[in-house]
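Student: Model the following, please.
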Amino acid sequence: MSDPILVLGATGGQGGAVVRALRGRGATIRALVRDPAAPRARALAENGVELVAGDLSDRASVRAAMDGAVAAFAVTTPFEAGTDAEVAQGRAIVGAALDARLPHMVFSSVAGADAGTGVPHFESKGLIETELRASGLQHTVLAPTYFFDNALGSRHEALAGVLRLPITSDHPLQQLDRADLADLAAIGLTDPGRLAGRRIEVAGDAPTPAEMAEALTRVLGQEVRHDRQDIATIGDPDMHAMWTFLAEEGYQADPVALRAEFPEIAWTRFADWAGNALTPFT
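Tutor: Residues are numbered from 1 along each chain as shown. Below is the predicted model of the structure:
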């Protein structure tokens with residue numbers, strides 16, 4: 001058995017996609033999970049993933065999970081306990097990697113985290129990026145744009161003919177399929193020299209809400225219209241700041257360059273993703 005690659009957040013959306021991408025490459029996979037008996041954790045184990053119990057904010061348990069690993073995929077979240085907790089997770093992960101002398105880390109941040117946007121969860125990830133660079137660890141930063149499934153929002157709304165996004169109908173929104181991000185992460189994890197030392201902003205498509213609504217109309221066989229939500233009605237300060245940013249300058253990834261450099265990745269278009277995601281509901 002080859003040395004394992006550790007996936008943090010393996011029961012979540014990004015981490016789960018990375019597990020699938022690594023499995024497709026025949027990698028030996030280890031996952032840090034809070035509760036090995038939880039259904040998602042058990043599903044990982046049933047598919048050959050080694051489970052280690054621990055918590056992202058606990059440096060010692062993360063360090064134990066990294067023992068003997070050749071690389072690790074790391075993702076942090078502010079959406080459970082806030083941005084301060086996210087920064088604490090990042091510090092625990094970086095500290096654990098130093099303790100374990102981890103050979104390589106792929107950290108999933110967010111596009112725009114280094115641009116001074118003022119978006120709270122962009123700034124927290126930007127701080128983690130800064131501390132990761134200062135640590136001296138060999139690493140890659142992947143900075144995804146908006147995920148397709150987040151942009152779609154409620155499937156129930158789409159099925160009811162509404163796509164609610166707080167930007168104008170003609171404003172492109174850079175987006176991404178989680179599977180494509182995972183494929184890029186898998187390249188960095190299994191072939192570190194190819195991406196080491198790089199920060200890559202990641203987008204696979206940039207449709208406007210009008211184009212998204214047209215694609216959903218074709219998939220569902222019924223009209224879907226874009227309903228522009230007033231940003232002023234978004235009460236969460238983090239989400240308000242994010243959508244203000246996205247409605248103005250927005251993400252600055254280069255999908256054309258990504259397609260040229262990584263032709264082995266599908267780089268899914270929104271229309272194709274929507275067809276796969278919503279076909280079971282038609």
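
Student: pLDDT weak spots in the chain?
Tutor: The chain contains residues with pLDDT under 70 at 1, 153-155, 279-282.

Student: how close does Arg225 get to Glu157?
Tutor: Arg225 is 11 Å from Glu157, where distance means Cβ to Cβ, to the nearest Å. Every C-beta, even on glycine, is put in place using the N, C-alpha and C of the backbone.

Student: anything in contact with each of the two?
Tutor: Leu163 (Cβ atoms under 8 Å, 6 or more residues apart in numbering).

Student: quick one, strands of the protein?
Tutor: Shown for the chain, the strands assigned by DSSP state E span residues 5-8, 29-33, 50-53, 71-75, 105-108, 139-144, 146-147, 162-165, 175-176, 199-202, 225-228.

Student: How far away from the center of its chain is stretch 47-56?
Tutor: 19 Å (Cα atoms, centre = their mean, to the nearest Å).

Student: check contacts around His226.
Tutor: 163-165, 169, 209-210, 212-213.

Student: Could you tell me which of those count as buried?
Tutor: 163, 165, 169, 209, 212-213 (16 or more other Cβ atoms under 10 Å).

Student: count of residues packed around Ile265?
Tutor: Neighbourhood size, Ile265 [other Cβ atoms under 10 Å]: 21.

Student: Could you check how far the residue lying closest to it once chain neighbours are set aside is from Arg164?
Tutor: The shortest distance from Ile265 to any non-neighbouring residue, by Cβ to Cβ, 6 or more residues apart in numbering, is to Asp183 (4.7 Å). Using Cβ to Cβ, Asp183 is found at 29 Å from Arg164.

Student: okay if I get the strands of the chain as JSON lines plus distance to Asp84?
Tutor: Listed next are the strands of the chain as JSON lines, based on distance: least, Cβ to Cβ, whole Å:
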{"stretch": "strand 5-8", "distance to Asp84": "19"}
{"stretch": "strand 29-33", "distance to Asp84": "21"}
{"stretch": "strand 50-53", "distance to Asp84": "24"}
{"stretch": "strand 71-75", "distance to Asp84": "17"}
{"stretch": "strand 105-108", "distance to Asp84": "18"}
{"stretch": "strand 139-144", "distance to Asp84": "21"}
{"stretch": "strand 146-147", "distance to Asp84": "24"}
{"stretch": "strand 162-165", "distance to Asp84": "29"}
{"stretch": "strand 175-176", "distance to Asp84": "27"}
{"stretch": "strand 199-202", "distance to Asp84": "23"}
{"stretch": "strand 225-228", "distance to Asp84": "33"}
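
Student: So which residues of this structure form helices?
Tutor: 13-24, 39-46, 59-66, 83-100, 120-135, 148-152, 155-159, 178-190, 192-195, 209-220, 237-247, 255-261, 270-278 (DSSP state H).

Student: Arg30: which of those is closest?
Tutor: Arg30 lies closest, by Cβ to Cβ, to one member of these: helix 59-66, at 6.6 Å.

Student: hey, C-alpha coordinates of the closest one in CSV?
Tutor: The C-alpha trace of helix 59-66 is given here as CSV (Å, rounded to 0.1, in the frame of the first residue of the first chain):
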residue,chain,number,x,y,z
ARG,A,59,-3.7,20.8,16.3
ALA,A,60,-2.7,17.5,18.0
SER,A,61,-5.4,15.4,16.3
VAL,A,62,-4.7,17.0,12.9
ARG,A,63,-1.0,16.3,13.4
ALA,A,64,-1.7,12.7,14.2
ALA,A,65,-3.8,12.3,11.0
MET,A,66,-0.9,13.8,9.0
